[in-house]
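Q: Any chance you could fold what I've pasted below:
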Amino acid sequence: MAGSERRQRRILLLTGAVTVVVLLIAVFTAVRVSGREPGGVLHVTVRTAYLGHGIAAGSTVVLHGVEVGRVESVHGGQASGVEIGIRLQRNLIGGLTDAVRFDYRPMNYFGVSALNLLPGAGGKALTDGLRLDRAPEGDFTMASLLSRTSTVVNGVVTDRMVEVVRRIADYTDALAPLIEAGFTVANAIAETQQRMPDVQLRQLNSLLEPLPLFTDDAISAVKAVREVPSAELVINKFGPMNETMQLIATGFFGPLGALLGSHTADFAPLTELVRTVSDLVSSTLWKAQLGARLDQVLSGFESAYTGPDPDKSLKLRIVLDQLPALAAALPLPGGN
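A: I've put the predicted structure just below:
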């Protein structure tokens, strides 16, 4: 570069200043452009009655289980209503209109709460800056579920319920031996069973086959008994019979009991006499050894028969000393 040293320095300073200004303009422009919202994002404000458990700024907004945006802001309180600012990705909410509904529910198995969008029929397409007034379809978050479960448990699981469950457990323990015995019997039957179940069922059917006829005959017999004229007074006209039984109970046994109860001392000699006679009869029978004598008689009858079961013979001794004619006609084998 030609010229003096001073000129060269001025040119270099000017070139550096221009370069710095250009860089600053480029950085400023890039920052402004990057800070703008892309055309695919829209903001919707929803005013609702209450906020679900775990929903706050930064919470996920889902549609059909897919993340489509975020909760940007939450304003207001539970008493005066809540305004929820939502930031949505336009390319992920195709077909969503201002008839949209929403609820609160977990977005995964860990129970993280999310705002869930529910498409509605009709309406106009969502626009940036739209404000909606909607009541949530429900609060199905994990915290709400646990709260409701605790309410149910507090109302149902009372001390009486716990006592009932404890008794059921005790009764079940008491039935354990019976159940074990049932299994033991079933195993014993299975081990000793000699025939197939179908054969046994056919035999059981043969045994039960006459049962309908027997039941019919029993019903006919009961009907015949009911049709007997004398039985009609007892079955169909039980009033007179009932009055008679009541009269016997109150007019006979009642006074008899009162009489015996009020004259205990007067009936004492009769009671003592009956006791004495009973003692005398029992002691007489014991001394007579009637049982031992009956045993001897039965033993004699049993010993009168000899031989095997099919060919038993009776041992009989006939005294014919007073009848000589019969003694000559009937020889006595063996001297008997």
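
Q: do you know how far Val222 is from Asp216?
A: Spatial separation of Val222 from Asp216 under the definition Cβ to Cβ, to the nearest Å is 11 Å. To be clear about C-beta, it is placed using only N, CA and C from the backbone, and glycine gets the same treatment.

Q: Arg101 too?
A: With distances defined as Cβ to Cβ, the gap from Arg101 to Asp216 amounts to 68 Å.

Q: Next: Gly251.
A: Look at Gly251 and Asp216: by Cβ to Cβ, they are 44 Å apart.

Q: try Gly257
A: To Asp216, Gly257 is 47 Å away according to Cβ to Cβ.

Q: Doesn't Ile84 belong to a strand?
A: Yes - read with DSSP: H, G, I helix; E, B strand; the rest coil, Ile84 is one of the residues of a strand.

Q: which residues pair with the residue nearest to it when sequence neighbours are not counted across the strands?
A: Taking Cβ to Cβ, 6 or more residues apart in numbering, and ignoring the residues beside it in sequence, Ile84 has Val46 as its nearest neighbour in space, at 4.8 Å. Here Val46 sits in beta bridges with Ile84, Leu132, as judged by DSSP bridges.

Q: For burial, what's the neighbour tally of Val46?
A: 19 (other Cβ atoms under 10 Å).

Q: okay, it: pLDDT?
A: Reading off the per-residue confidence, Val46 sits at a pLDDT of 93.

Q: mind listing what it touches?
A: When the contact criterion is Cβ atoms under 8 Å, 6 or more residues apart in numbering, the partners of Val46 are Glu83, Ile84, Ile86, Phe102, Arg131, Leu132, Asp133, Arg134.

Q: switch the cut-off to 7 Å
A: Val46 is in contact with Ile84, Ile86, Leu132, Arg134, counting by Cβ atoms under 7 Å, 6 or more residues apart in numbering.

Q: farthest-separated two in those?
A: Across these, the two members that end up farthest from each other (Cβ to Cβ) are Ile86 and Arg134, 11.2 Å apart.

Q: the more surrounded of those two?
A: A side-by-side neighbour count of Ile86 and Arg134, using other Cβ under 10 Å, places Ile86 first with 23 against 16.

Q: wait, doesn't that one sit right on Gly69?
A: Yes - the criterion here is Cβ atoms under 7 Å, and Ile86 meets it with Gly69 at 5.9 Å.

Q: Quickly list what's touching both of those two.
A: Residues touching both Ile86 and Gly69 (Cβ under 7 Å, 6+ apart): Val61.

Q: quick one: Glu191 and Thr184, what's the gap?
A: 11 Å.

Q: Looking at these two now, which is surrounded by more residues?
A: More neighbours surround Thr184 than the other of Glu191 and Thr184, with 10 against 7 (other Cβ under 10 Å).

Q: roughly how far is the strand or helix carrying the more buried one from the heart of the chain?
A: Using DSSP states H and E, Thr184 maps to helix 159-192. Its chain's average C-alpha position is 15 Å from that of helix 159-192, according to Cα atoms, centre = their mean, to the nearest Å.

Q: tell me which residues in the longest strand that the chain contains are buried?
A: As assigned by DSSP state E, the longest strand anywhere in the chain is strand 66-77. With burial defined by 16 or more other Cβ atoms under 10 Å, the residues of strand 66-77 counted as buried are Val68, Gly69, Arg70, Val71, Glu72.

Q: Run through the bridge partners of the second one.
A: Read it as Gly69. On the basis of DSSP bridges, Gly69 is bridged to Val61, Leu88.

Q: what sits against it?
A: Applying Cβ under 7 Å, 6+ apart, the residues near Gly69 are Val61, Ile86, Arg87, Leu88, Gln89.

Q: Can you say which of those residues are buried?
A: Among the contacts of Gly69, those scoring as buried are Val61, Ile86, Arg87, Leu88, Gln89 (criterion: 16+ other Cβ under 10 Å).

Q: and the gap between the nearest residue to the second one once chain neighbours are set aside and Gly122?
A: Across the structure, with Cβ to Cβ, 6+ apart as the measure, the residue nearest Ile86 apart from its sequence neighbours is Val44 (4.8 Å). In this structure, Val44 lies at 17 Å from Gly122, with Cβ to Cβ as the measure.

Q: Look at the two and report which has more neighbours.
A: For Val44 versus Gly122, neighbours defined as other Cβ under 10 Å are more numerous around Val44 (24 against 7).

Q: That one: what's it in contact with?
A: Contacts for Val44 were tallied using Cβ under 7 Å, 6+ apart; they are Ile86, Leu88, Leu126, Leu130, Leu132.

Q: between those residues, which is nearest Pro240?
A: Each of the contacts of Val44 was scored against Pro240 by Cβ to Cβ, and Leu132 proved nearest at 86.1 Å.

Q: what number of residues lie near that closest one?
A: If you count neighbours by other Cβ under 10 Å, Leu132 ends up with 17.

Q: Which residues are in contact with it?
A: Leu132 makes contacts with Val44, Val46, Asp98, as judged by Cβ under 7 Å, 6+ apart.

Q: repeat for Met161
A: Contacts here follow Cβ under 7 Å, 6+ apart; on that basis Met161 touches nothing.

Q: Perfect, that will be all.
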